[in-house]
Every structure is written in C-alpha cells, then in structure tokens.
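Visitor: Pasting the sequence and the predicted coordinates here, then a few questions.
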Amino acid sequence: AEESPEVEDAPLKDLEQPRGPVVVWCNPNAAYYETMAYESHWLDFYLNQGCSIFVFNYSGFGRSQGHPSPGRLSADGDAVVDFLRRRG
C-alpha cells in the first residue's frame with residue numbers, strides 16, 4: 001500500500017500569495033530541491049518573468065519521508081497541486 005503524501009510548508013524565500021502564474025518545479029531524476037541553490041539561474045529566469053515557483057522533494061529525497069516509487073512520484077505531484085489549489 002502506498003503511503004499518503006504530506007506536503008511540508010518549508011519556504012525557500014517566502015510563501016506569500018503567488019504573483020503571476022505558479023511554476024511547479026518537478027526535480028529531475030534523483031535530484032532534490034536543494035540543488036536549486038546550485039542551479040539558481042532557472043529560478044531567476046522564471047522569477048524575472050513574473051512567475052512564482054514551488055519546488056519540492058519527492059518522497060524519499062532530501063528531508064522528505066517515505067520511499068520513492070513511480071506511483072509515489074505521481075501522488076507527490078498530485079499532493080503539491082492540491083496544496084497550491086487550497087492556498088488559492
């Protein structure tokens with residue numbers, strides 16, 4: 001049985017109401033959102049376009065709990081979108 005996803009509200013810069021469109025950053029294979037400190041030009045690109053960015057770790061990566069699996073990755077993405085929709 002798959003674990004239920006938990007979305008931790010851990011801001012990188014701030015979690016104010018989003019300005020403009022929100023880009024959900026799905027990390028590349030076996031990466032985690034902390035790598036954005038080394039690849040910040042991608043963040044700057046979207047921020048300069050007036051977008052907000054939501055980055056997250058899949059289950060089992062970074063400080064996230066759980067274990068990665070194809071189903072888990074999909075559920076994590078769904079949980080992030082649901083979280084953002086609830087925030088408005």
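Guide: Now that the structure is in, tell me what you want to look at. What you are looking at is a predicted structure, and each value in this text was computed from that prediction instead of being measured.

Visitor: ok, Gly77 touching Phe54?
Guide: No - Gly77 lies out of contact with Phe54 (Cβ atoms under 8 Å); the separation is 11.0 Å. (C-beta placed from N, C-alpha, C; glycine too.)

Visitor: Compare these two and say which one has the larger neighbour count.
Guide: Taking other Cβ atoms under 10 Å, Gly77 and Phe54 do not tie; Phe54 has more neighbours (19 against 15).

Visitor: before we move on, the earlier item: residues that sit against both of Gly77 and Phe54, list them.
Guide: Counting by Cβ atoms under 8 Å, 6 or more residues apart in numbering, the common neighbours of Gly77 and Phe54 are Val24.

Visitor: so where's the protein uncertain?
Guide: Within the chain, the segments meeting pLDDT under 70 span 1-18, 29-35.

Visitor: longest helix of it?
Guide: Longest helix in the chain, counting residues (DSSP state H): helix 70-87.

Visitor: packing partners for it?
Guide: strand 22-25 (3 or more Cβ pairs under 8 Å, 6 or more residues apart in numbering; DSSP states H and E).

Visitor: which helices and strands does the strand it packs on pack with?
Guide: Strand 22-25 is packed against strand 52-55, helix 70-87, with contacts defined by 3+ Cβ pairs under 8 Å, 6+ apart.

Visitor: circling back: how far does the longest helix of the chain sit from its chain's centre?
Guide: A distance of 9 Å separates the centroid of the chain from that of helix 70-87, by Cα atoms, centre = their mean, to the nearest Å.

Visitor: Check which residues of it are buried.
Guide: Buried positions in helix 70-87, judged by neighbour count with 16 or more other Cβ atoms under 10 Å: 72-73, 75-76, 79-80, 83.

Visitor: Present the helices and strands packed on strand 22-25 as JSON lines; the columns should include distance to Cys26.
Guide: Output for the helices and strands packed on strand 22-25, formatted as JSON lines (distance: least, Cβ to Cβ, whole Å):
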{"stretch": "strand 52-55", "distance to Cys26": "9"}
{"stretch": "helix 70-87", "distance to Cys26": "6"}
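
Visitor: ok, so of the buried residues of helix 70-87, who is nearest His41?
Guide: Val80 (22.6 Å; Cβ to Cβ).
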